[in-house]
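A.B. asks: Got a sequence here, can you model it:
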Amino acid sequence: MTVPSVSLPGKRVNNSLDAYVEIRARILNGTFRPRERLIEERLARELGMSRTPIRQALTRLEAEGLVSLIPNRGAVVCSYTPQDVLEIYDLRALLEGHAARHAANEITPSEVDRLRQLVAEMEGFNLEAFASHEDAVRWFTVRNNEFHHTIHVASRNQRLVKLLNRTIQIPLVYRSFFGYSPREYALSNYYHRKIAQALEQKDGDQAEVLMRAHIYQGRDFVLSMLQDAGV
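C.D. replies: Take a look at the predicted model:
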């Protein structure tokens with residue numbers, strides 16, 4: 001699907017933070033496509049600034065994994081191949097399933113309450129209630145990330161939490177939500193509710209099975225997006 005740029009006609013930015021925010025938004029909403037070159041001179045002209053803050057923004061985006069800085073070519077938007085997706089989501093399923101299993105034994109009542117609240121908020125999600133598609137996706141992404149992170153922390157395994165922080169590719173998750181239809185959002189929310197119920201019931205086996213199924217649902221959608229894009 002085509003998502004319009006977040007920029008407004010005539011909008012000007014004037015420092016590296018503004019450049020970072022603007023370029024990042026364009027990458028995540030699909031305005032800048034995977035493997036597209038980001039030419040400093042062109043970006044500087046579009047954003048009304050010198051090339052120095054553009055270069056600083058691109059360096060920061062490289063650290064986030066959104067951009068690759070390639071010698072003799074410059075900045076290029078990172079892309080994911082089907083093999084990348086298979087590897088990332090297989091690791092996620094293994095690690096998040098393990099986290100859910102252990103969280104079932106360790107989760108506190110306040111953490112269960114927070115999961116319930118997040119589930120209720122996400123189930124009330126309505127794309128049409130937001131000023132823009134990007135605002136809607138950002139709102140859902142924040143709550144989805146907190147839902148998963150709450151479970152990671154509830155596992156009480158700090159090494160596992162650190163591994164998950166390095167494994168989960170937030171830009172990839174964010175991009176996938178841009179392509180979700182109400183059906184995909186509803187399916188994601190179904191798994192969220194069932195996982196929360198399993199954790200509340202201290203059912204580690206069920207929590208692990210549901211979490212893995214949820215991750216694989218996301219994987220299959222991303223793979224279909226790549227296929228539609230001809231990757």
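A.B. asks: how about low-confidence regions in the protein?
C.D. replies: Applying pLDDT under 70 to the chain picks out residues 1-14, 29.
A.B. asks: Please parse it into its domains.
C.D. replies: 16-77, 82-228 (automatic domain parsing).
A.B. asks: I'd like these written out as CSV, with mean neighbour count added.
C.D. replies: From N, CA and C alone the C-beta is placed, and that goes for glycine too. Below are these laid out as CSV (neighbours: other C-beta atoms under 10 Å):
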stretch, mean neighbour count
domain 16-77, 17
domain 82-228, 17
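A.B. asks: what helix or strand is the nearest residue to residue 194 once chain neighbours are set aside on?
C.D. replies: Nearest non-adjacent residue to residue 194, counting by C-beta to C-beta, 6 or more residues apart in numbering: residue 210, 5.1 Å away. Residue 210 belongs to helix 204-228 when assigned by DSSP states H and E.
A.B. asks: and what of residue 76?
C.D. replies: Following DSSP H and E, one finds residue 76 within strand 74-77.
A.B. asks: Show me what that strand pairs with in its sheet, parallel or antiparallel.
C.D. replies: Strand 74-77 has the following strand partners under DSSP bridges: strand 37-38 (antiparallel), strand 67-70 (antiparallel).
A.B. asks: name the helices or strands packed onto the helix holding residue 210?
C.D. replies: Helix 204-228 is packed against helix 82-106, helix 170-178, helix 182-200, with contacts defined by 3 or more C-beta pairs under 8 Å, 6 or more residues apart in numbering; DSSP states H and E.
A.B. asks: what residues are up against residue 38?
C.D. replies: 23, 32, 58, 67, 74-77 (C-beta atoms under 8 Å, 6 or more residues apart in numbering).
A.B. asks: Just name the closest of those residues to residue 231, please.
C.D. replies: Checking these against residue 231 by C-beta to C-beta gives residue 77 as the nearest, at 13.1 Å.
A.B. asks: what's the distance between that closest one and residue 212?
C.D. replies: 30 Å (C-beta to C-beta, to the nearest Å).
A.B. asks: got it, and residue 173?
C.D. replies: For residue 173 relative to residue 212 (C-beta to C-beta), the value is 16 Å.
A.B. asks: cool, residue 36 as well?
C.D. replies: 34 Å.
A.B. asks: what about the closest residue to residue 112 other than its chain neighbours, distance to residue 193?
C.D. replies: The shortest distance from residue 112 to any non-neighbouring residue, by C-beta to C-beta, 6+ apart, is to residue 200 (5.0 Å). Distance of residue 200 to residue 193, computed by C-beta to C-beta: 11 Å.
A.B. asks: again with residue 48
C.D. replies: From residue 48 to residue 193 the distance is 47 Å (C-beta to C-beta).
A.B. asks: For residue 138, which of the helices and strands packed on helix 204-228 is the nearest?
C.D. replies: helix 170-178 (8.0 Å).
A.B. asks: Please enumerate residues in contact with the closest one?
C.D. replies: 1, 3, 27-30, 64-66, 78, 80, 85, 88, 133, 137, 140-141, 144-145, 218, 221-222, 225.
A.B. asks: Am I right that residue 168 is in contact with residue 92?
C.D. replies: Yes. Residue 168 sits in contact with residue 92 when judged by C-beta atoms under 8 Å, with a separation of 6.2 Å.
A.B. asks: and stretch 119-136, how far apart are its ends?
C.D. replies: 16 Å (C-alpha to C-alpha, to the nearest Å).
A.B. asks: which residues does residue 153 contact?
C.D. replies: 111, 161 are the contacts of residue 153 under C-beta under 8 Å, 6+ apart.
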